[in-house]
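Let me see the structure of the following:
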Amino acid sequence: MNEPTTPHDQLCRRAFLGRSAFGLGGLAATLLHQRSLAASWQDPVARPSWQLPTAKAKRVVVIFLSGGLSQLDLFDEKPLLNDRRGEELPPSVRKGERISGLTERQGALPVVGSKFEFQAHGKCKLRMSELLPHLGEVADDLLLIRSLQTDHVLHEAAMTILFTGTPLLGRPSWGAWTSYALGDGKGNLPEFVVLLSNPDPSTPLHPRLWHNGFLAGRHQGVPFRGGKEPVLFVDNPPGFDQKARERQLQALRELNERESKRTGDPDAEARLAAYETAARMQTSVPELADLKQEPAELLEEYGAEIGRPSFANNCVLARRLLERGVRFVQLCDAGWDHHYNIPRALPNKTEQVDKPTAALLRDLKRRGMLDDTIVVFAGEFGRTPYCEGPLAFDTYGRDHNALASSVLVAGGGFKAGHAHGKTDDWGWSASEDIVHVHDLHATILHQLGIDHTKLTVRAQGRDFRLTDVAGKVLPPLLA
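Numbers count the residues shown, from 1 in each chain. Here you go, the predicted model:
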């Protein structure tokens, strides 16, 4: 016989149920909503609300130059800065806009032009720095946006805005949203893959830049590495044969299926999908990562070397991933935070990425893939027209600038051989045809056949989307 309950026990239980009724109801409603959403999305007849009638592109490559590339030395030529070298940036130009604490402490803000010459490239006469000769050769395939703005001057916040649409943590990344909108989870590879090169301890890349947030786990980006084991924990452990692995996976599959049917828990379905993808990757990844299958002349075009991890090797791997159905490839290259000695540091970095990026664009074009692939080449923000640190004849640095940066876009129905937007004569702020990061997201999603205002998921009591409550599709960017 059960022990009689005391008034104190009854009060505690009653209080517990009273306090938690709404929480339990909300939890149940959330699970039911997620189950119905998953069911409707798996229904081949159902049409997602965010799907547009047409799509120009099927896949995206984001080449992310972590640290903030200096657009004034690469893409945005400003002769006035050379003419007025060493003079203070006029207050009438700055207009009281905030600057980072790094240069605020130095007091003076002497402007400095670029040491590098700019040249006109291609039939379109697109002007870019001498540091990018290979990208200059494909200038007629490029859209150069010179008026991109973001909302923050700190690395972590600006990176998070670029990849999740907000500086707040816990939101799904750009690639995760794309996988959620376009993927079916049935391929031999993940729909979202991340490739990293040249790690820099001073500006580490956090996994939140490719996290799934509150979306299902299968939409998270999967980092691929160089070397013998491109994906961790996919290969069988030593002494564990394939038959034993198959029995283990079958048991896990049955357990997760039971849990999913019993509770409708999305995590159970995510685990099931992850195990199935991993099993398929055991056979597909070794073949994918074997660059020996590529012709020697093509590897030379990229500047890739078999067995030596590099940005160039990642570009070759990116093309192979796209061919095999991956929807979103994120190539992250670190080391672009040049507060000092740009004349020496910047050429080293451009040499690493210029040739491989141009080769990737040519390779995609030859294979007929550039028309339906969007390639983005960007940092998290731009750099200032004034110098940070010592200003000498042969050296200078630049601080962070959220008001003016440049980005390259190619393929996927974007204009080719065209420059969009302008900054003021001092290069301090975008002044014409301004493009916010949210606008870039919205326009790229539009080209993928996605209405960014309808690509929403309810979590934590409200609807979320990549473009938050902003962003607009910009027809002037499109062909």
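
List the buried residues in stretch 325-343.
325-339, 342-343 (16 or more other Cβ atoms under 10 Å). Just so you know, the C-beta spots here come from the backbone N, C-alpha and C atoms, and that holds for glycine as well.

all helices of the stretch 201-350 of the chain, in order?
Along the stretch 201-350 of the chain, the segments classed as helices by DSSP state H, counting those that start in this stretch run 242-263, 266-289, 296-302, 311-323, 342-366.

Make JSON lines from those helices and add distance to Asp200 and mean pLDDT to it.
Formatted as JSON lines, those follow (distance: least, Cβ to Cβ, whole Å; pLDDT from 0 to 100):
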{"stretch": "helix 242-263", "distance to Asp200": "37", "mean pLDDT": "77"}
{"stretch": "helix 266-289", "distance to Asp200": "24", "mean pLDDT": "71"}
{"stretch": "helix 296-302", "distance to Asp200": "22", "mean pLDDT": "97"}
{"stretch": "helix 311-323", "distance to Asp200": "13", "mean pLDDT": "97"}
{"stretch": "helix 342-366", "distance to Asp200": "10", "mean pLDDT": "98"}
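
With respect to His152, which of those lies nearest?
Among the helices of the stretch 201-350 of the chain, helix 342-366 comes nearest to His152, with 22.0 Å by Cβ to Cβ.

what about the residue nearest to the spatial centre of the chain, is that helix, strand or coil?
Residue closest to the average C-alpha location in the chain (Cα atoms, centre = their mean): Phe163, at 4.9 Å. For Phe163, the assignment made with DSSP: H, G, I helix; E, B strand; the rest coil gives helix.

my guess is it meets Leu209, correct?
Yes - the pair formed by Phe163 and Leu209 meets the contact definition of Cβ atoms under 8 Å, at 4.5 Å.

Now do the shared contacts for those two.
64, 173 (Cβ atoms under 8 Å, 6 or more residues apart in numbering).

so where's the chain shaky on pLDDT?
1-47, 226-237, 239-240, 245, 270-283 (pLDDT under 70).

what do you get if the cut-off is 90, keeping everything else the same?
Within the chain, the stretches with pLDDT under 90 are 1-48, 96-108, 184-188, 199-204, 216-218, 224-290, 307-308, 389-390, 392-394, 460.

And for Thr54, nearest residue in space, chain neighbours not counted?
Distances taken as Cβ to Cβ, 6 or more residues apart in numbering place Gly449 nearest to Thr54, at 6.4 Å, with adjacent residues excluded.

neighbours of the one you found, just the number please.
Residue crowding around Gly449 was assessed by other Cβ atoms under 10 Å; the count is 18.

That one: what's it in contact with?
51-57.

That one and Pro475, how far apart?
Note on Gly449: its distance to Pro475, by Cβ to Cβ, to the nearest Å, is 16 Å.

same thing with Leu154?
32 Å.

Comparing those two, which residue is more hemmed in?
Leu154 (15 against 8).

Verify the contact between that one and His400 for me.
Yes - applying Cβ under 8 Å, one finds Leu154 in contact with His400, separated by 7.4 Å.

what do the two both touch?
With Cβ under 8 Å, 6+ apart, Leu154 and His400 have common neighbours Ser100.

what's around the closest residue to Arg171 other than its chain neighbours, how many residues?
Leaving aside its sequence neighbours, Arg171 sits nearest to Thr164 (Cβ to Cβ, 6+ apart; 4.3 Å). Counted by other Cβ under 10 Å, the residues lying close to Thr164 total 26.

Tell me the spacing between Thr164 and Lys292.
37 Å.

Please consider this matter closed, and thank you.
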